[in-house]
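Participant: Need coordinates for the following:
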Amino acid sequence: MKRSASRRQFLARSLSVVLAPALLPRGILGANSPNERVVTGHIGVGGMGSGHLNNFKDACGAICDVDEAHLQRAAKVVARYVPLYKDFRQLLEQRDIDAVLIATPDHWHAVMTIHACEAGKDVYVQKPSSVTIEEGRKMVEAARRCGRIVQVGSQGRSHPNAYLGCRYIQNGMLGKVKEVTCWHYANPVGGFKPDTDPPPGLDWDLWLGPLRYMPYNEDRCHVNFRWFLEMGGGQIRDRGAHVMSVVLWAMASDDRGPVSVEATGTAPKEGIWDCPIDMEARYEFKDPDWVLWWRQPGDPQMGVGYGAKFWGEKDNLVIAECAGGSVTEDRAVQYEPPAGGVLPYRSPGHEENFIDCVKTRRPPIMPIEAGHGVATLCILGNISYILGRKLEWDARSERVIGDAEANRMLSRPHRSPWVI
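Facilitator: Numbering: from 1, shown residues only. As a prediction, this is how the structure comes out:
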């Protein structure tokens, strides 16, 4: 593939670009270094990626997408010269790029994050962090080995109401929490369109990347990848990565996994989308002992389509949505912790937190280790559903105890050359 512009052209033109500090988004310029600027590269600029680009357009140094229509739309947003690429490896070659924001389909997250870390870039990668548990472990290892900041895009942790709910719980206002119930509406049924040739401008082979080859289908591509167990994994991996992120944060359980997982669901009877329509997954934790439930549809609270309810010995609390926005109950909002009380990590905003951590080298609110832990819950739920049995999980070794078939599903081959 050819670059949209040569490296020399980029450097020559970029010398003529002067960005006024007043025009940069909050978080791009640090208070201690007013002239310091973090130059961002954007990989995947449809959907969430377009939102990232709008927020960072003045700091953007390059854009990459396998769909020409996405690239051209993104170029209009930036409204000045930046290189446009279809192959993310070319973007990573730009030495002036400090950090990349990855908003591709899930099956690309691990490969791109690992390559970016090895290229010396810090990374903001959309949730869920990975498709397999092996991928997630290798992402953690790459970030540590290369000394990179990696923020996972479960942005609920950066919302003020999620913080207030977390603070309320961690200060013991519910007493000991024995159970957390998550709710979410059902997965859709669909995928009735026939296979066709890909549209002009879309590099379908590159869109597939590490996946096995399959023919193009509009109901398989872009947003619709979410409804395949092989790719997006359905609501439990999509929104579950938001809701369960806030749950593990509030329960101070980022550093521990479940001891067992058991999931059931109803498979669709038509269409090519294969995620279960309804689903229930039960996760058992030890030391401390508590149970996490994922229920599709579950019991909606506060008029919101998804969220979590914490059941304590003294009281209960709802934190709803847990994604781009969050709501919680008034008693948590009004609560003021006592002197010496618990004050959880407070983020100024998920993207702002990422940029701050790029500059300070402090861990972000949703580091890859935490993102991997949340993705592990989501992945194990799907594996238990597929196999139709309970899994006994050893979180330390990241293996299913006494189940060779389940352990084979913790990883899968990547299509060459996209190996990790």
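Participant: what's the longest helix in the chain?
Facilitator: Secondary structure of the chain per DSSP state H: the longest helix is helix 368-387.
Participant: so what secondary structure elements neighbour that helix?
Facilitator: With contacts taken as 3 or more CB pairs under 8 Å, 6 or more residues apart in numbering; DSSP states H and E, helix 368-387 sits against helix 133-146, strand 150-152, helix 235-238, helix 240-250, strand 260-265, strand 279-285, strand 391-394, helix 404-408. All C-beta spots, glycine's among them, are computed from the backbone N, C-alpha and C.
Participant: how about JSON lines for the ones you listed, with mean pLDDT added?
Facilitator: Shown next, in JSON lines, are the helices and strands packed on helix 368-387 (pLDDT from 0 to 100):
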{"stretch": "helix 133-146", "mean pLDDT": "98"}
{"stretch": "strand 150-152", "mean pLDDT": "98"}
{"stretch": "helix 235-238", "mean pLDDT": "97"}
{"stretch": "helix 240-250", "mean pLDDT": "98"}
{"stretch": "strand 260-265", "mean pLDDT": "98"}
{"stretch": "strand 279-285", "mean pLDDT": "98"}
{"stretch": "strand 391-394", "mean pLDDT": "98"}
{"stretch": "helix 404-408", "mean pLDDT": "98"}
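Participant: Need the winner for burial among those.
Facilitator: Scoring these by mean neighbour count under mean count of other CB atoms under 10 Å gives strand 150-152 as the most buried, with a mean of 31.
Participant: give the contact list for the residue nearest the centre of the chain.
Facilitator: The chain has residue 127 as the residue nearest its centroid, 0.9 Å off, counting by CA atoms, centre = their mean. Residue 127 sits next to 152-154, 241-242, 245, 371, 374-375 when contact means CB atoms under 8 Å, 6 or more residues apart in numbering.
Participant: Could you rerun that using 6 Å?
Facilitator: Applying CB atoms under 6 Å, 6 or more residues apart in numbering, we find residue 127 in contact with 152-154, 241.
Participant: now residue 166
Facilitator: By CB under 6 Å, 6+ apart, the neighbours of residue 166 are 249-250, 344.
Participant: follow-up on the earlier one: and the residue nearest to the centre of the chain, how close does it get to residue 393?
Facilitator: As judged by CB to CB, to the nearest Å, residue 127 and residue 393 stand 21 Å apart.
Participant: which sections of the stretch 301-420 of the chain are below the confidence cut-off?
Facilitator: Within the stretch 301-420 of the chain, not a single segment meets pLDDT under 70.
Participant: what ranges do the helices span in it?
Facilitator: Ranges of helices in the stretch 301-420 of the chain, per DSSP state H, counting those that start in this stretch, are 330-334, 350-360, 368-387, 404-408.
Participant: Quick check: which of these is buried the most?
Facilitator: When the helices of the stretch 301-420 of the chain are compared using mean count of other CB under 10 Å, helix 368-387 is most buried, at a mean of 25.
Participant: care to break the protein down by domain?
Facilitator: Using automatic domain parsing, the domain parsing of the chain gives 7-155, 157-337+367-408.
Participant: Regarding the last one, how distant is the last residue from the first?
Facilitator: This stretch, domain 157-337+367-408, spans 32 Å end to end (CA to CA, to the nearest Å).
Participant: hmm, back to that, format the contacts of residue 166 as CSV; extra columns: distance to residue 317.
Facilitator: Converted to CSV, those look like this (distance: CB to CB, whole Å):
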residue, distance to residue 317
249, 14
250, 9
344, 14
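Participant: C-alpha coordinates for stretch 338-357, CSV please?
Facilitator: C-alpha atoms of stretch 338-357 as CSV (Å, rounded to 0.1, in the frame of the first residue of the first chain):
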residue,chain,number,x,y,z
PRO,A,338,-15.2,12.0,56.8
ALA,A,339,-11.7,13.2,57.4
GLY,A,340,-9.4,10.3,56.5
GLY,A,341,-12.1,8.7,54.4
VAL,A,342,-11.4,6.9,51.1
LEU,A,343,-10.9,9.1,48.1
PRO,A,344,-10.8,7.0,44.9
TYR,A,345,-8.8,8.0,41.9
ARG,A,346,-10.6,11.0,40.4
SER,A,347,-10.2,11.6,36.6
PRO,A,348,-10.8,15.0,35.0
GLY,A,349,-12.2,13.2,31.9
HIS,A,350,-11.1,10.0,30.2
GLU,A,351,-9.2,11.6,27.3
GLU,A,352,-7.9,14.4,29.5
ASN,A,353,-6.7,11.7,32.0
PHE,A,354,-4.9,9.9,29.2
ILE,A,355,-3.0,13.1,28.1
ASP,A,356,-2.1,14.0,31.6
CYS,A,357,-0.7,10.5,32.2
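Participant: Residue 65: neighbour count?
Facilitator: Residues near residue 65, counting by other CB atoms under 10 Å, number 28.
Participant: For it, give me its contacts.
Facilitator: By CB under 6 Å, 6+ apart, residue 65 lies in contact with 44-45, 71.
Participant: and if we set it to 10 Å?
Facilitator: 42-46, 49-50, 71-74, 84-86, 88, 103-104, 202-203, 206-207 (CB atoms under 10 Å, 6 or more residues apart in numbering).
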